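Visitor: Requesting a structural model of the entry that follows:
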Amino acid sequence: MDVYTRLKVLQKQLHRLIIQRDSKILGLRNTGALGMLADISRHAELLSAELRVELTACHDELRAFGYRLPELPMQNAPEINVQVKGKSVRIAIDGMLPYPILGSAHYLHEKLDAALTKYARENALPRPLFTERCAVVFIHHYKKGVIRNLRDYDNVEHRCVTNVIARHFLRDDSPACYISMDMLAVGESAFTEIRVLTIPAFRELVLSREIELFL
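Guide: Residues are numbered from 1 along each chain as shown. Below you'll find the model as predicted:
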């Protein structure tokens, strides 16, 4: 079975799982549905991992045939670091955010949700942390010398990140609760940094000398 066929099979399996998940969500009053929903989530995570492996193989084959492609999005199990100081949140994700068109970003949603849940539990954070409108800033760090293929921000998966951030830190994810901004930075490694700031703190960042490093 070639790479393209394997990708199609995995996508169909993942699509079926999503349909099953949605149907179980509608019937959550049934106690058995919760267990089944957990099983579906685990299967979706495994399928997302397999899909990522196949996408990597496909990416490598296309490069071998001479196609010029942007860097491969992050792998299935990124390292996530969370820091909260007062009402300033910093999340560092090992690697660049994925492209939505390259398949499910379910794995990222699950990993980030687990990291924020663990941090909030261990540090007894209030919920929501931000009761006023705030700013969510995505800083895309590129490694020096490999920024020839800068990615359009509208092609990067933000939704799975902002949904989790909103669930843990904000009242909801409506425009009345937060604004967002994307920036790039060049350094020693490629990773994604997300900052959640109060509007006054965001204003200070935009007007500070630090912003010069991000532009």
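
Visitor: Quick one: the strands in this protein, in order.
Guide: Shown for the chain, the strands assigned by DSSP state E span residues 80-85, 88-94, 134-143, 178-187, 191-198.

Visitor: The ones you listed into CSV, with extra columns for distance to R171?
Guide: Any C-beta I mention is one placed from the backbone N, CA and C, and that applies to glycine too. Output for those, formatted as CSV (distance: least, CB to CB, whole Å):
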stretch, distance to R171
strand 80-85, 17
strand 88-94, 15
strand 134-143, 10
strand 178-187, 9
strand 191-198, 13
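
Visitor: Present these as JSON lines; the columns should include mean neighbour count and mean pLDDT.
Guide: Formatted as JSON lines, the strands of the chain follow (neighbours: other CB atoms under 10 Å; pLDDT from 0 to 100):
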{"stretch": "strand 80-85", "mean neighbour count": "14", "mean pLDDT": "94"}
{"stretch": "strand 88-94", "mean neighbour count": "19", "mean pLDDT": "94"}
{"stretch": "strand 134-143", "mean neighbour count": "21", "mean pLDDT": "91"}
{"stretch": "strand 178-187", "mean neighbour count": "16", "mean pLDDT": "89"}
{"stretch": "strand 191-198", "mean neighbour count": "21", "mean pLDDT": "94"}
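
Visitor: Break down the protein into its helices, ranges please.
Guide: 3-26, 31-64, 106-123, 159-169, 199-207 (DSSP state H).

Visitor: tell me the mean pLDDT for the last one?
Guide: Per-residue pLDDT over helix 199-207 has a mean of 91.

Visitor: what comes up buried for that helix?
Guide: When burial is assessed from 16 or more other CB atoms under 10 Å, helix 199-207 yields the following buried residues: 201-202, 205.
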